[in-house]
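Novice: Generate coordinates for the sequence data below:
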Amino acid sequence: MQNCILYEADLSTNCAIHFLKMSSLQFVGKKGEKMALDFLRRTGYSIHETNYRTRLGEIDIIAEKKGIIVFIEVKTRIGDKKGKPY
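Specialist: Down below sits the predicted model:
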């Protein structure tokens, strides 16, 4: 499996750059989560948490719109071998 490096700007300091070494599958997953977050923000959702962990597992995104809280699991695909993304 290939390794990728993700460059991420730290918005809290406006200048720091984080270098995260991860597998190509992890990289695709993080890219998919970022795309999902961008879409949710553009469509009026407020984001409460990302990658929320408990002893039972993880929730990728917890968001809210018009008083309704939603729990989102993001699945990112490369290609359409297992079906087309909608």
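Novice: ok, the nearest residue to Thr76 once chain neighbours are set aside - how many residues close by?
Specialist: The shortest distance from Thr76 to any non-neighbouring residue, by Cβ to Cβ, 6 or more residues apart in numbering, is to Gly32 (2.7 Å). C-betas here are computed from N, CA, C, even on glycine. Taking other Cβ atoms under 10 Å as the criterion, the count of residues near Gly32 is 17.
Novice: Help me confirm that Gly32 is found in a helix?
Specialist: Yes. Gly32 forms part of a helix when assessed by DSSP: H, G, I helix; E, B strand; the rest coil.
Novice: Next, the contact list for it, please.
Specialist: Contacts for Gly32 (Cβ atoms under 8 Å, 6 or more residues apart in numbering) come out as 74-76.
Novice: Export these as CSV, with columns for secondary structure.
Specialist: Written out in CSV, the entries for the contacts of Gly32 read as follows (three-state DSSP):
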residue, secondary structure
Val74, coil
Lys75, coil
Thr76, coil
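Novice: Drop anything exposed from those residues.
Specialist: With neighbours counted using 16 or more other Cβ atoms under 10 Å, the contacts of Gly32 contain these buried positions: Thr76.
Novice: Report the lowest-confidence entry in the contacts of Gly32.
Specialist: In this model, the minimum pLDDT among the contacts of Gly32 belongs to Thr76 (80).
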